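Q: Give me coordinates for this.
(chains A and B)
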2 protein chains.
Amino acid sequence: MDTTQKLLNLIDADHDTAVGRLVDWLRIPSVSANPAHAADCVRAAEWVRDQLVGLGFEASLRQTPKHPVVVAHHPGPGNGAPHLLYYGHYDVQPADPLELWTSPPFEPVLVDGPHGKRLVARGAVDDKGQTLMWIEALRAWRQVAGGPPCAITAVIEGEEEIGSPNLAAFLADNKAELAADVAVISDTGMWDVETPALSTRLRGMCYVQLDLQAANRDLHSGMYGGSALNPLNLITRILGELHDAQGRIQLPGFYEGVAETSAEQRAAWQKLGFSEHDFLGGIGLSVPVGERDRGPLERLWARPTADINGIWGGYQGPGSKTVIPAEAHAKVSFRLVPGQDHAAVFEAFKAFVRARLPADAKATFQVFSSSPGIEVPGESRFIRAAQAALAEEYGRPAAMIGCGGSIPVVSDLKSILGLDTVLMGFGLEDDQVHSPNEKFDMRCFHGGTRSHARLLAKLAGG
Amino acid sequence: MDTTQKLLNLIDADHDTAVGRLVDWLRIPSVSANPAHAADCVRAAEWVRDQLVGLGFEASLRQTPKHPVVVAHHPGPGNGAPHLLYYGHYDVQPADPLELWTSPPFEPVLVDGPHGKRLVARGAVDDKGQTLMWIEALRAWRQVAGGPPCAITAVIEGEEEIGSPNLAAFLADNKAELAADVAVISDTGMWDVETPALSTRLRGMCYVQLDLQAANRDLHSGMYGGSALNPLNLITRILGELHDAQGRIQLPGFYEGVAETSAEQRAAWQKLGFSEHDFLGGIGLSVPVGERDRGPLERLWARPTADINGIWGGYQGPGSKTVIPAEAHAKVSFRLVPGQDHAAVFEAFKAFVRARLPADAKATFQVFSSSPGIEVPGESRFIRAAQAALAEEYGRPAAMIGCGGSIPVVSDLKSILGLDTVLMGFGLEDDQVHSPNEKFDMRCFHGGTRSHARLLAKLAGG
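A: Residues are numbered from 1 along each chain as shown, chains lettered A, B, ... in the order given. Reported below is the predicted structural model:
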């Protein structure tokens, strides 16, 4: 029996205990956005550090101004095989609204789905489940061959869901230690449950909070209505103008640098046979929004967006309260594509708001994350190895796709460490990432673990 | 010493204990909007019932589908003096945001202000303090003359701050019992601390909650942004169009029936010497909103408004969450003026929203209160008696003013019981009604009590 077959047999036999390990990790509510969970973030970091130590890695927590980064090294066999840098994140999104979960978000449960068992928990797929796949592949290599067939560096951060505010500095400060030949990340999706995918595009993001202040206190709407500025009226008027009737975003200069999608690229995406009708149907919608003159995958992968992610102000309780509040608040994010200057988008948003601000209103702005849209090579010896591994595992070629989400580290890996990234992910469209009842199909977890074990074999020349 | 002088002396001597009684009432957190305070509403009703029983009234709580109405009767001397119906309310607005109070809202404190002591508490002026003024005047009459010089009916409800949903039916069901010659209400303001006022206009209100539903669950903005409808983007687009650039409200037919202010009325208001600069300056603002082509008192008293009183949806916690939420919510109220059909305004709002609703969004509407704008006679024997009482108390004539707020009962008293209302109020502009740190100047409480005692004397022919 060759090494790859031994690895796969072992992964198959070990599946249930691997799921058990994932459950253990998911029980730790490592919500990076909420300071109340800071100690949980440390526990989640220690948990994964201990896993890697158990696989023969030298691993440790590295403090940052917020949540620690786990860094682990294994020298491999020292035979000239490439040095891989795996990246993952142990932090998760906040779980609210809690009342929409069918089971508590940090008490993982296995439930039946159309593709077999699925694990329901916050972080099941994003990104604890996807990170554990390559750790489980390394576990199989440890048992079959005593260790990985390549030199390995692992970087697992705890601030991805809040925009990785400290990661770029960390990479820069530890540049020599983190030298490698290529980065590998599992934080993206498959094309469908039977078709693997490699992502070559990711959108960037500029995520902003806008706070408006009008009067120096809350007012009675009868006494002051018709004279005093209402910041809720104002915030709807301002943000209601983010898009024009064609779905284009109205920030000055917003589309500067946005590259037109090539005819070749459009044709390749066309061949994927994407049905936006089915995509939207799965979430109870039927009519796409976004730019009217763009195709569906282009809108999702190659065009920028503006979405209000949260808005609040005034009275939100039961019944009525006739208040003109003093303040209004919103969180607004822009998904960005390659060529857009993410810092300029923040400036453009400020200019857009200020141009609509009456003399009596004060606007303050906070930026929570800012990263460019990126493209990674769709052709290299590393991509070929991944394509071969996926084709052998799934019996069909990997779809070469884009991804509407952001993984800010990919651009930092390139600009700071000089690394291209292989984006080999195993999520599905209905995983409810960032939503209540996030899940990961265990069939994907299993196939992903096997694919990672195969990828190592391919890269080692197997 | 004549009766009036005895009454005034007694009121002066009893001032501190009257304030103590008000403090007792204010300690009961009778927030009608919040079902958790239902028992407190009953306690506040029982408290005022007991006061009236102590003054020789036959008084009881009358159950409604929500909070009880206190009804009390005193036959008076039976000498042909007019029968007065006093109206007040024992319920108060919610106290949030709590963190902006300098002292707990239901632990009343006397603090020094520019006009002497002021009592800080939720409900201090609206309306427990103003209601207790006429009760204290009745107490003085009880002590000086054994009882009031007129037949008295008192109606003190517990649902004014939620739009009096059950009061009209209660009045209709008890029409015979509530027969009287005129209604008297203290729930409005003085012109300033030295100048009394009678209000002859009140704006009505249509208060609506709008709930928008888009996808069947919260979505990841990276995965779905550019394809899926965002209800927060939508709600800002819809509500941002409530006003045009001239400040006019865009609901179809909204201004139908709105009476033009007469030149005579404008001239009378002009003479009051209102400074909108000072009015707005007191709350940290400088530039009026509302219809550009209308004067300040006209905008506040005789023109309708549209204000968003609350808005919420998506992520409102610290940091960022890249969610496209499934739902968006807003509370919107329209202040209405005489001539507008309040029921038609609700229909117009629904039509306005639905005209802007894409196929995928569902809108639901709740109406929390709906009442017309009203005008009461500025000239009658009751008004003359009030003018005489106020002129004697304050040494200057009462300003005849409008009021931007709503007291829905006034139109019900007219249409159901056939009663005109004397609106004799003692609030000040800076009372922070419906805001944190609501207060009532004890000088106003004292002058109001004395004025009510005088009014009774005038009506009894004194």
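Q: how about the residues of the stretch 1-150 of chain A near chain B?
A: Residues of the stretch 1-150 of chain A lying close to chain B (C-beta under 8 Å from any C-beta of the partner chain) are A:32, A:33, A:34, A:35, A:93, A:94, A:96, A:97, A:100. No exception for glycine: its C-beta is placed from N, CA and C like everyone else's.
Q: Now with 7 Å, please.
A: With C-beta under 7 Å from any C-beta of the partner chain as the criterion, the stretch 1-150 of chain A meets chain B at residues A:33, A:34, A:93, A:94.
Q: which of the residues you listed count as buried?
A: Among the residues of the stretch 1-150 of chain A next to chain B, those classed as buried by 16 or more other C-beta atoms under 10 Å in any protein chain shown are A:33, A:34, A:93, A:94.
Q: which stretches of chain A form helices?
A: A:3-13, A:15-26, A:38-54, A:128-145, A:167-173, A:221-224, A:231-239, A:263-271, A:276-281, A:296-301, A:342-354, A:381-394, A:409-417, A:442-459 (DSSP state H).
Q: From the chain's centroid, how far away is the fifth one?
A: Between the mean C-alpha location of helix A:167-173 and the chain-wide mean there is a distance of 19 Å, by C-alpha atoms, centre = their mean, to the nearest Å.
Q: got the CA positions of that helix in PDB?
A: What follows is helix A:167-173, C-alpha atoms only, in PDB (Å, rounded to 0.1, in the frame of the first residue of the first chain):
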ATOM      1  CA  LEU A 167      -1.600  40.700  11.700                       C
ATOM      2  CA  ALA A 168       0.300  42.800   9.100                       C
ATOM      3  CA  ALA A 169       2.600  44.200  11.800                       C
ATOM      4  CA  PHE A 170       3.100  40.700  13.200                       C
ATOM      5  CA  LEU A 171       4.100  39.300   9.800                       C
ATOM      6  CA  ALA A 172       6.400  42.200   9.200                       C
ATOM      7  CA  ASP A 173       8.000  41.800  12.600                       C
END
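Q: what mean pLDDT does that helix have?
A: Mean pLDDT, helix A:167-173: 97.
Q: Give me the residues contacting it.
A: Contact partners of helix A:167-173, identified using C-beta atoms under 7 Å, 6 or more residues apart in numbering or on different chains, comprise A:62, A:64, A:69, A:157, A:159, A:178, A:409, A:412, A:416, A:417.
Q: Not counting its neighbours along the chain, what's nearest residue A:382?
A: Excluding the flanking residues, the one nearest residue A:382 by C-beta to C-beta, 6 or more residues apart in numbering or on different chains is residue A:182, at 4.5 Å.
Q: ok, that neighbour - how many residues close by?
A: Taking other C-beta atoms under 10 Å in any protein chain shown as the neighbour definition, residue A:182 ends up with a count of 21.
Q: re earlier: including pLDDT and neighbour count, could the contacts of helix A:167-173 go into CSV?
A: CSV is the format used below for these (pLDDT from 0 to 100; neighbours: other C-beta atoms under 10 Å in any protein chain shown):
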residue, pLDDT, neighbour count
A:62, 98, 15
A:64, 96, 18
A:69, 98, 23
A:157, 98, 27
A:159, 96, 25
A:178, 98, 20
A:409, 91, 25
A:412, 93, 21
A:416, 97, 19
A:417, 98, 19
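Q: Out of the residues you listed, flag the one nearest to chain B.
A: Proximity of the contacts of helix A:167-173 to chain B (C-beta to the nearest C-beta) peaks at residue A:159, which lies at 10.1 Å.
Q: how about the residues of the stretch 1-150 of chain A next to chain B, which pair is most distant?
A: Maximum pairwise distance among the residues of the stretch 1-150 of chain A next to chain B (C-beta to C-beta): 10.2 Å, between A:34 and A:93.
Q: Residue A:319 reaches residue B:35, doesn't it?
A: No: using C-beta atoms under 7 Å, residue A:319 makes no contact with residue B:35, being 9.0 Å away.
Q: Of those two, which one has the most company?
A: It is residue A:319, of residue A:319 and residue B:35, that has more neighbours when counted by other C-beta under 10 Å, with 22 against 11.
Q: contacting residues for the more buried one?
A: Residues in contact with residue A:319 (C-beta under 7 Å, 6+ apart) are B:33, B:162, B:368.
Q: Please apply the same query to residue A:287.
A: B:358, B:359, B:360.
Q: Neighbour-wise, which one of these leads?
A: Neighbour-wise, the contacts of residue A:287 (other C-beta under 10 Å) top out at residue B:360, 20 neighbours.
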